[in-house]
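Trainee: Got a sequence here, can you model it:
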Amino acid sequence: MTNPSTRERALAALAALAFGFMIAGANSINPLLPMLRVEVPLGPLGVSLTFVAYVSAAVLTLLVVGFSRVRVSPGAALIVALLVAACANALLASPVDWQILAGRAATGIAVGLATGGAAGLVVEVLQGRGRGLAATGNLVGAVVGTAIAQGVAAVESTAGVTLMYVTGAGVSLLLAVALLLLLRARAGARVPQGEPPRSTTDAAPSHRLTRADVGTILRAAIVWTGLSAGVVYAPTIFADAAMPAAQFAGSVTMLVAAAIAQLGSAPLGRLLPRASGHLAFAVGAALAVASVLTTSNALAFIALALVGRGGAVAYRTSLVHLTRGAAPKLQSVLASKFAVATYAASASAVLTIGLLGGVLPTEIVLAVFATLLSLAALLMHWRAPRLRDLSG
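Mentor: Down below sits the predicted model:
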């Protein structure tokens with residue numbers, strides 16, 4: 001499809017918007033944790049469980065949808081995901097421990113359903129350009145969700161939290177209705193009268209990952225683990241270190257840097273064709289440790305900007321490299337496998353940090369974790385795909 005129609009472009013845009021909105025909701029909880037851990041309360045393990053509940057549900061959903069005999073069309077998956085997201089927002093509107101964990105699990109189900117569906121729909125319409133958009137939506141949505149929640153956290157009002165999530169539930173329902181109408185209009189336009197509609201339950205194509213594919217996913221998992229841990233723990237660790245500027249703006253800085261790096265990948269590739277993102281990530285992780293030790297807000301911003309920029313480039317180049325040339329159905333399968341691996345790695349790491357944080361000072365656990373990630377990223381750089389490899 002070289003010239004998609006206006007309706008097709010609208011469908012791709014809405015699919016990307018819906019996915020980004022659900023990612024925004026998934027990241028909205030993290031800036032609120034310093035406030036919620038007092039209201040609920042939540043200890044180090046409880047903070048970790050808010051992330052683990054989300055990621056575990058997302059991984060299980062991806063496994064069921066992507067690797068079992070259960071087949072769901074991309075459009076149907078997105079609509080169901082938005083309805084589940086509405087329920088998740090309703091649960092999160094009340095700061096009660098069991099509702100927070102249940103809401104986070106429901107958010108994971110929504111994201112798991114949307115991941116492959118959004119990728120398949122966008123790539124089907126936009127072809128090669130859609131691969132970059134599908135890879136970018138994750139971090140752009142994270143920026144929006146974190147920024148909005150950070151504004152609510154600055155007010156320190158549980159009423160603001162309730163309003164944010166009730167509004168999120170309403171927007172989810174509106175997006176589901178809009179997507180349903182567009183899909184129905186598209187089906188009517190594409191199937192001539194008298195011709196049976198094309199089946200949407202065909203088995204997805206199988207694809208066995210090669211050793212090179214596993215290495216590509218591993219490189220992405222390392223940086224995604226660092227980004228996830230940063231989003232979850234940055235507000236809390238900077239609050240404990242009496243670094244208010246970094247507490248309120250550190251995560252946003254990291255995610256904005258990540259979004260800029262992804263959205264500006266084309267000019268960045270011309271400027272730094274040999275970049276893989278791993279070196280910038282490694283330096284940023286090391287500087288993050290130094291910023292807490294020196295209680296320097298300025299150094300924290302530099303560190304998190306490097307982590308965000310490097311992590312985004314490494315994540316995007318890995319995903320696009322893995323799925324390059326894949327047909328839409330295979331794109332959905334590969335995107336699901338990629339998400340399962342990176343989400344599972346980040347959930348395991350965050351859970352481990354929470355468990356160790358219950359018996360050791362959290363700042364020491366995070367310092368060791370960041371140091372190990374920095375060393376791993378340095379090792380991963382040497383055979384990682386570069387921005388120049390994705391041109392053309």
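Trainee: Quick check: what element follows the lowest-mean-pLDDT helix or strand in the chain along the chain?
Mentor: Least confident helix or strand of the chain, by mean pLDDT, DSSP states H and E, is helix 128-155 with a mean of 72. Counting by DSSP states H and E, the element after helix 128-155 in chain order, helix or strand, is helix 158-190.
Trainee: which other helices and strands contact that next one?
Mentor: Packing contacts for helix 158-190, counted by 3 or more C-beta pairs under 8 Å, 6 or more residues apart in numbering; DSSP states H and E, involve helix 6-27, helix 33-39, helix 74-92, helix 128-155. Glycine gets a C-beta too; all of them are placed from N, C-alpha and C.
Trainee: go with 7 Å
Mentor: Judged by 3 or more C-beta pairs under 7 Å, 6 or more residues apart in numbering; DSSP states H and E, helix 158-190 is in contact with helix 6-27, helix 74-92, helix 128-155.
Trainee: Please give the centre-to-centre distance between the second one and its chain.
Mentor: Using C-alpha atoms, centre = their mean, to the nearest Å, the distance from the centre of helix 74-92 to the centre of the chain it belongs to is 16 Å.
Trainee: now do stretch 375-389
Mentor: Relative to its chain's centre, stretch 375-389 lies at 21 Å (C-alpha atoms, centre = their mean).
Trainee: So what's the model's average confidence on it?
Mentor: For stretch 375-389, the mean pLDDT works out to 89.
Trainee: Stretch 246-256 too?
Mentor: Here the average pLDDT along stretch 246-256 is 88.
Trainee: now what about it, what contacts it?
Mentor: With contacts defined as C-beta atoms under 7 Å, 6 or more residues apart in numbering, stretch 246-256 is touched by 30-31, 34, 139, 142-143, 146-147, 150, 154, 230-231, 234-235, 238-239, 297, 300-301, 304-305, 307-308.
Trainee: cutoff 8 Å now
Mentor: Residues outside stretch 246-256 that contact it (C-beta atoms under 8 Å, 6 or more residues apart in numbering): 27, 30-31, 34, 139, 142-143, 146-147, 150, 153-154, 227, 230-231, 234-235, 238-239, 291, 297, 300-301, 304-305, 307-308.
Trainee: Which members of those residues are classed as buried?
Mentor: 27, 30-31, 34, 139, 142-143, 146-147, 150, 153, 227, 230-231, 234-235, 238-239, 291, 297, 300-301, 304-305, 307-308 (16 or more other C-beta atoms under 10 Å).
Trainee: any idea whether the residue nearest to D240 when sequence neighbours are not counted is helix, strand or coil?
Mentor: Leaving out its chain neighbours, the residue that sits closest to D240 by C-beta to C-beta, 6 or more residues apart in numbering is E363, at 6.8 Å. Following DSSP: H, G, I helix; E, B strand; the rest coil, E363 is assigned to helix.
Trainee: Could you give the backbone dihedrals for M243?
Mentor: Per-residue torsions, M243: phi -120, psi 80 (degrees, to the nearest 10).
Trainee: what's the neighbour count on it?
Mentor: 21 (other C-beta atoms under 10 Å).
Trainee: For G75, give me its contacts.
Mentor: G75 neighbours (C-beta under 8 Å, 6+ apart): 117, 121, 179, 183, 200.
Trainee: try 10 Å
Mentor: 11, 15, 117, 120-121, 179-180, 182-184, 186-187, 200 (C-beta atoms under 10 Å, 6 or more residues apart in numbering).
Trainee: Was I right to think E124 contacts S73?
Mentor: No. Using C-beta atoms under 10 Å, E124 is not in contact with S73; the gap is 11.4 Å.
Trainee: the more surrounded of these two?
Mentor: Set E124 next to S73 and count neighbours by other C-beta under 10 Å: E124 wins out with 21 against 16.
Trainee: Now that one. Its backbone dihedrals?
Mentor: Backbone torsions of E124, given as degrees, to the nearest 10, read phi -60, psi -40.
Trainee: Check which element follows the helix or strand where V231 lies along the chain.
Mentor: For V231, the element it lies in under DSSP H and E is helix 211-240. Next helix or strand after helix 211-240 toward the C-terminus (DSSP H and E): helix 244-263.
Trainee: Okay, buried residues for that following helix please.
Mentor: 246-263.
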